[in-house]
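# The following comprises the amino acid sequence and a computationally predicted model.
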Amino acid sequence: MAARHFLTLNDLTTGELEDLLDHATKLRNEWRQGKVRDTLKNRVLAMIFEKSSTRTRVSFEAGMTQLGGSAMFLSPRDTQLGRGEPIEDSAIVISSMVDAVMIRTFAHKTVESFAAASRVPVINALTDDFHPCQLLADMQTYREHRGSIRGGTVAWIGDGNNMCHSYINAASQFDFHLNVACPEGYEPDARILDAHKDRVTVVRDPADAARDADLLVTDVWASMGQEDEQKAREHAFRSYQINPELMNLASRDALFMHCLPAHRGEEISVDMMEHPGSVVWDEAENRLHAQKALLEFLILNRLD
């Protein structure tokens, strides 16, 4: 059987995603009850990092350990990937020795090329175009606090970046409408918008996006690799902040999420993390549980 990969949310069906999130919540509950699980005993995950990380590395490494397996950290400084070995050659060799590969990198083409040559599942742990693992955690968190998001409205406030692209995919997969508020010139990729135009509305005013929304989400104004644009982005996004005033325009029980790290005083107000609607800490923890469910699904080809 050919390996299943997870490069975007579209690599799984809606039914598979729903089942995976249910399983993730089960794993979260079992973990909090202290139950031991060894479904991935003697299995190995290779973790390739070209971009730095906190939550991604900790959640995948801890997740494999909690499932009885192990994870190895690989960086370009320590492997032939950093010395010009073709991606496909690395994929053939690495995938012959491990049970799954997780990649956090810049170009989305890198994970696509690696997956095409890999004999084991490949997981996109973030590229410049998509961040599907974060969306698993976000959707799990919403379900645990408010139930199904089907038919709801999500407001994305800020840059039309990789997180925004994955929220666009999620709008189709989980059947909600996405309002994107961004400055001119910072819109999501036109091809992705066009493929999901019935699910997405792009506006300039954050208030128009947030009004009656069930979930407000944002990300930093300048992502990794955009540090030289920081000043220009601060100017462009200065009115694109999630704060209590914006939350007041949303539905009465709206939630707030942020993939972290957050820059208080920029994309969020200094008090937003403590807002009654904030679920950012559950969202962060759910990276662990959603990815454990994903690892079981891809490596074992089932959810127990």
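Right, received. Where do you want to start? None of these values were measured; they are calculated from a predicted model.

# can we go C-alpha only for contacts and neighbour counts from here?
Will do.

# okay but C133 is in contact with T127, surely?
No - the criterion here is Cα atoms under 8 Å, and C133 misses it with T127 at 10.9 Å.

# tell me the strands in the stretch 151-300 of the chain, going along the chain?
153-157, 177-181, 200-203, 215-218, 255-258 (DSSP state E, counting those that start in this stretch).

# Give me whichever of those is most buried.
Highest mean neighbour count of the strands of the stretch 151-300 of the chain: strand 153-157, a mean of 28 (counted as mean count of other Cα atoms under 10 Å).

# That one pairs with which strands?
strand 177-181 (parallel), strand 215-218 (parallel) (DSSP bridges).

# by contact count, what packs against the lengthiest helix in the chain?
Assignment by DSSP state H gives helix 280-300 as the longest helix of the chain. When contacts are defined as 3 or more Cα pairs under 8 Å, 6 or more residues apart in numbering; DSSP states H and E, helix 280-300 packs onto helix 14-32, helix 55-66, helix 132-146, strand 255-258.

# any chance of those in a markdown table, with distance to S269 too?
Shown next, in a markdown table, are the helices and strands packed on helix 280-300 (distance: least, Cα to Cα, whole Å):
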| stretch | distance to S269 |
| --- | --- |
| helix 14-32 | 30 |
| helix 55-66 | 22 |
| helix 132-146 | 20 |
| strand 255-258 | 12 |
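
# Just put these in JSON lines and tack on mean pLDDT and distance to P276.
Formatted as JSON lines, these follow (pLDDT from 0 to 100; distance: least, Cα to Cα, whole Å):
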{"stretch": "helix 14-32", "mean pLDDT": "98", "distance to P276": "22"}
{"stretch": "helix 55-66", "mean pLDDT": "98", "distance to P276": "23"}
{"stretch": "helix 132-146", "mean pLDDT": "98", "distance to P276": "12"}
{"stretch": "strand 255-258", "mean pLDDT": "99", "distance to P276": "8"}
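
# Of these, which is nearest D78?
Counting by Cα to Cα, D78 lies closest to helix 55-66 out of the helices and strands packed on helix 280-300; the figure is 16.3 Å.

# for that closest one, packing partners?
Applying 3+ Cα pairs under 8 Å, 6+ apart, we find helix 55-66 packed against strand 44-49, strand 70-74, helix 280-300.

# Backbone torsions only: list them for R150.
phi -50, psi 130 (degrees, to the nearest 10).

# how deep is M273 tucked in, by neighbour count?
19 (other Cα atoms under 10 Å).

# Enumerate every residue touching it.
Shown in contact with M273 (Cα atoms under 8 Å, 6 or more residues apart in numbering): V280.

# how close does it get to Y167?
Plainly put, M273 is 21 Å away from Y167 if you go by Cα to Cα, to the nearest Å.

# Tell me who's in contact with the residue lying closest to L27 once chain neighbours are set aside.
Computed as Cα to Cα, 6 or more residues apart in numbering, the closest residue to L27 that is not its neighbour in sequence is H289, at 6.1 Å. Contact analysis of H289 by Cα under 8 Å, 6+ apart lists A24, T25, L27, R28, G63, A137.

# ok, of those residues, which one's closest to R119?
G63 (21.8 Å).
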